[in-house]
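Visitor: only geometry, no sequence info:
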């Protein structure tokens, strides 16, 4: 007979300390905050091309897009986070608790590897449309989600790196609907990734044999 989810958790993971459980709870609060933003719940992207050649993204505002940046950065891009409650930190924490040389432990290690790969795909491949910029000098630039997020975070929202800001403006900046659409699609992909780890975190905290009070 197949094991229940509870049985697999207990036989595949070692117990978490009270301090580790605090980190799991903090991660869950951060994901909940992210999921409350309308950008995180944007199921489809509607872009209108105007007669003047411009384009407009419908359904989310610039204020909502900038607001979601804070939660995404906390969960996925803040290497200086001292709470150790980022996606990578929590994924690594659970991975360390997966029992070695056991089928159930390997089940969780494989799932965590899949989540790591999913995050990498979200950052490498646009979920909206491939985007290549052609410059007057004949050069081209493939605009990946990772590249765009770096420009937005470090050239506009959180830092004011002049070179990155200029690169962001060359793409069209916030006035360009494609920039907004590309970021919104990437944000949605990251939400799905972070929420997938959150579901496992919820299961761990709901298992008395694993979660210290």
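Guide: Yes, it's here. Since the model is a prediction, treat every value here as computed from it, not as a measurement.
Visitor: downstream neighbour of the lowest-mean-pLDDT helix or strand in the chain in the secondary structure list?
Guide: Counting by mean pLDDT, DSSP states H and E, the chain has its least confident helix or strand at strand 55-58, which shows a mean of 60. Moving toward the C-terminus from strand 55-58, the next helix or strand (DSSP states H and E) is helix 62-76.
Visitor: Does anything pack onto that following helix? Which helices or strands?
Guide: helix 18-35, helix 87-97, helix 177-205 (3 or more C-beta pairs under 8 Å, 6 or more residues apart in numbering; DSSP states H and E). Yep, even glycine has a C-beta here, placed from its N, CA and C like the rest.
Visitor: ok, and for the shortest one, which residues are buried?
Guide: Neighbour counts over helix 87-97 (16 or more other C-beta atoms under 10 Å) mark 87-91, 93-95, 97 as buried.
Visitor: what's the angle from that helix to helix 177-205?
Guide: 30 degrees (axes from the mean of the first three to the mean of the last three C-alpha atoms, to 10 degrees).
Visitor: After helix 87-97, heading C-terminal, what element do we hit next?
Guide: Per DSSP H and E, the helix or strand that comes after helix 87-97 is helix 103-124.
Visitor: Pull the residues that contact that next one.
Guide: Contact partners of helix 103-124, identified using C-beta atoms under 8 Å, 6 or more residues apart in numbering, comprise 3, 8, 11-13, 76, 87, 91, 94-95, 98-99, 144-146, 149, 186, 189-190, 192-193, 196-197, 200.
Visitor: Low-confidence stretches in the chain?
Guide: 1, 44-58 (pLDDT under 70).
Visitor: if I look at the residue nearest the centre of it, how far off is residue 31?
Guide: The centre of the chain sits closest to residue 190, judged by C-alpha atoms, centre = their mean, with a distance of 2.8 Å. The spacing between residue 190 and residue 31, counted by C-beta to C-beta, to the nearest Å, is 11 Å.
Visitor: Please identify every residue contacting each of the two.
Guide: residue 75.
Visitor: ok, back up a step: nearest to residue 80, of the helices and strands packed on helix 62-76?
Guide: Nearest to residue 80, of all the helices and strands packed on helix 62-76, is helix 87-97, at 11.8 Å by C-beta to C-beta.
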